[in-house]
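1. quick one: sequence plus predicted model below, questions after.
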Amino acid sequence: MATEAFRPTAESLLSLYRRLLRLHGPQQWWPADTPFEVAVGAVLTQNTNWSNVERAIARLREAGALDLQTMLALPRARLAELIRPSGYFNIKADRLRELCRFLRREGGLEALAERPLETLRPALLGVRGIGPETADDILLYALDRPVFVIDVYTRRLLARHRLARGDEDYETLRRGFERALPPDVAMFRQYHALIVEHAKQACRKRPLCEQCGLARDCPRRAD
DNA sequence: TACCAGGAGAAAA
DNA sequence: TTTTCTCATGGT
């Protein structure tokens, strides 16, 4: 596992950010009505296309289960059935229930929002089924904390632009962004959303480049 | 039919 | 400690 430092300059990351922003314009993220829905979506999107997540969330909404107390009261089998379109529904039902129990113990997302990041992030990572990317999605988009979300698209883009090799561990990449950039929640959200949007647009109906994940012949590539 | 998609945890090496 | 396997649906 690669452990050496990823220490990009602020200018290199800001330059990439500005190019993505020019290409795609401001993104409206995260697509959810409430912080709780953000947290649910963060679990459901694990290794899953967002369109499948939307189906599952729509079913939860129809069932009136998009709030903490109702979801906690649902039998596991019923919850799994509701989120079936998101895939991995048995595992994700357990993960959602673990997350809901955690939120109940902590007094809900509103109470969590009062905790310092130094204890909040480890607490989230202590929930079974909540890994670093899912925790950081929740911190950034549901709890307004300046943490940078690292996903597969971020790795590919960093590698493509020679800012990283792409196989660095999650914490190395996250800390690299957070050290180089000011702790700006709105900008971190926009940056991550732009990376995902860029990858989706560039790769649509085109073969992926094995290095960066973007299409070799895509006219919208940011380089 | 085969592959991929906004991971995470357990098991095996 | 690192790598591999498992979980699963819907779109292309």
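-> Here it is on my side, so go on. Numbers count the residues shown, from 1 in each chain, chains lettered A, B, ... in the order given.
2. apart from its chain neighbours, what residue comes closest to A:Gln46?
-> Counting by CB to CB, 6 or more residues apart in numbering, the nearest residue to A:Gln46 once its immediate chain neighbours are dropped is A:Thr134, at 6.4 Å. All C-beta spots, glycine's among them, are computed from the backbone N, C-alpha and C.
3. now the closest residue to DNA strand B within chain A. Nearest residue, chain neighbours left out?
-> Per CB to the nearest atom of the strand, A:Gly131 is where chain A lies closest to DNA strand B, at 2.2 Å. Spatially, and ignoring its direct neighbours in sequence, A:Gly131 is nearest to A:Leu125 (7.4 Å; CB to CB, 6+ apart).
4. residue contacts, the one you found?
-> Contact partners of A:Leu125, counting by CB atoms under 8 Å, 6 or more residues apart in numbering, are A:Gly131, A:Pro132, A:Ala135.
5. looking at those residues, which is nearest DNA strand C?
-> Checking the contacts of A:Leu125 one by one against DNA strand C (CB to the nearest atom of the strand), the nearest turns out to be A:Gly131, at 12.0 Å.
6. on the pLDDT front, check that closest one for me.
-> If you check A:Gly131, the pLDDT there is 97.
7. can you get me a residue count around it?
-> Counted by other CB atoms under 10 Å, the residues lying close to A:Gly131 total 14.
8. one more: A:Glu118?
-> Burial of A:Glu118 is recorded as 7 neighbouring residues (other CB under 10 Å).
9. now it: which helix or strand?
-> helix A:117-125 (DSSP states H and E).
10. is that helix positioned near DNA strand B?
-> No - Helix A:117-125 does not reach DNA strand B (CB under 7 Å from any atom of the strand); its nearest approach is 7.6 Å.
11. how about the helices of chain A, start to end?
-> For chain A, the helices defined by DSSP state H cover A:10-24, A:35-44, A:50-62, A:68-73, A:76-82, A:89-106, A:109-112, A:117-125, A:132-137, A:152-160, A:170-180, A:185-203.
12. for chain A, what lies in contact range of DNA strand B?
-> Residues of chain A found near DNA strand B (CB under 7 Å from any atom of the strand) are A:29-31, A:41-42, A:45-50, A:52, A:87-88, A:91, A:127-135, A:137, A:141, A:151-153, A:196, A:199-200, A:203, A:208, A:213.
13. just want the most central residue of chain A.
-> A:Asp137 (3.9 Å; CA atoms, centre = their mean).
14. now do the contacts for that residue.
-> By CB under 8 Å, 6+ apart, the contact set of A:Asp137 is A:Trp30, A:Val38, A:Gly41, A:Ala42, A:Thr45, A:Val149.
15. quick check, nearest of those to A:Leu99?
-> Using CB to CB, the shortest approach to A:Leu99 within the contacts of A:Asp137 belongs to A:Ala42, at 8.8 Å.
16. correct me if wrong: A:Ser86 contacts A:Ala56.
-> Yes - counting by CB atoms under 8 Å, A:Ala56 is a contact partner of A:Ser86 at 3.8 Å.
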